[in-house]
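Asks: Below are the sequence and a predicted model for it; my questions follow.
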Amino acid sequence: MLDERSTIEYIRLAKAGDPAAKETLLEHNVSLVKCIVKRYLGKGVDYDDLFQLACMGFLKAIAGFDESFGVKFSTYAVPMIAGEIKRFMRDDGSVKVSRAMKQTAKEINAFIEGYLFEHGAQPTLKTIAEKFQLEESETVFVMGSSRMPVSLQSGLENKDGKERELIETLPAVDNQEEMLDNLLLRLAIEELPERDKKIIVLRYFRDMTQSEVAEKIGVSQVQVSRIENRIIKEFRQKLIG
């Protein structure tokens, strides 16, 4: 990726109508764009379509970026790119439902019916997600991709006797700050030494504890903690410029 000073210079040229500057910015930020696209694979939209949407979001980020924001361009661009994709996916009828997703939706439907017959109650969203090894947000997306007998607005009886809609069991996951940190962290770890990279991957992408990581790579838990804190501190400094 370009350094921030060069990025700002190319943004100025792009806003002045220089198409080559836009191409240069996209070329040097394509890894960031692809990183965001990967988060939406397997949800019914082809990769090429996702990439095109992401590029549109990137160009909008160039047009809307203001140096006075006091943030790095990548920090501003990530939610703009993700937003372009999410707007497309929210559009009724615009999502192309893949055969695999239809099959999964069918299997979820069968599981719900079987669970209801066996337990006399509908499974929670968490139960369905764990059964099919999906995130709860992905489960909602798959269930919403086809007409299913069990609606996301179906009533679920809690232990206290009160009913909630199935969709209400979905936790809020649309945290753009967290998403941004994770995306940029994935890019940042590519530049780390091998041991540091392994620690971050095991901690943040394999959900291992510091003690488990320490045992796996042959160092103390204290060393893992220090290395992790140093990396995160350096990452935060880069993030805020």
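Replies: Arrived safely.

Asks: for the longest helix anywhere in the chain, packing partners?
Replies: In the chain, assigned by DSSP state H, the helix with the most residues is helix 99-119. For helix 99-119, the packing partners by 3 or more CB pairs under 8 Å, 6 or more residues apart in numbering; DSSP states H and E come out as helix 125-131, helix 136-143. All C-beta spots, glycine's among them, are computed from the backbone N, C-alpha and C.

Asks: worst-scoring helix or strand of this structure, pLDDT-wise?
Replies: Least confident helix or strand, the chain: strand 155-157 with a mean of 44, by mean pLDDT, DSSP states H and E.

Asks: Can you name the secondary structure element that comes next after the helix or strand hosting Arg12?
Replies: Per DSSP states H and E: Arg12 is located in helix 4-15. The helix or strand immediately downstream of helix 4-15 is helix 19-28, counting by DSSP H and E.

Asks: any idea of the mean pLDDT in that following helix?
Replies: Taken as a whole, helix 19-28 has an average pLDDT of 89.

Asks: Which positions within it qualify as buried?
Replies: For helix 19-28, the neighbour count (16 or more other CB atoms under 10 Å) marks 21-22, 24-26 as buried.

Asks: And the pLDDT at Leu125?
Replies: 77.

Asks: my bad, Glu228
Replies: With respect to pLDDT, Glu228 scores 85.

Asks: Met208: neighbouring residues, count only.
Replies: Here the number of neighbours of Met208 (other CB atoms under 10 Å) works out to 17.

Asks: Run a quick neighbour tally on Ala110.
Replies: Residues near Ala110, counting by other CB under 10 Å: 10.

Asks: need the contact list for Val33.
Replies: 26, 51, 54-55, 58, 81 (CB atoms under 8 Å, 6 or more residues apart in numbering).

Asks: will you turn the residues you listed into JSON lines that also has secondary structure?
Replies: Putting the contacts of Val33 into JSON lines (DSSP: H, G, I helix; E, B strand; the rest coil) gives the following:
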{"residue": "Leu26", "secondary structure": "helix"}
{"residue": "Phe51", "secondary structure": "helix"}
{"residue": "Ala54", "secondary structure": "helix"}
{"residue": "Cys55", "secondary structure": "helix"}
{"residue": "Phe58", "secondary structure": "helix"}
{"residue": "Ile81", "secondary structure": "helix"}
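
Asks: For these, could you give me CSV that also reports distance to Val219?
Replies: Shown next, in CSV, are these (distance: CB to CB, whole Å):
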residue, distance to Val219
Leu26, 41
Phe51, 40
Ala54, 38
Cys55, 42
Phe58, 40
Ile81, 37
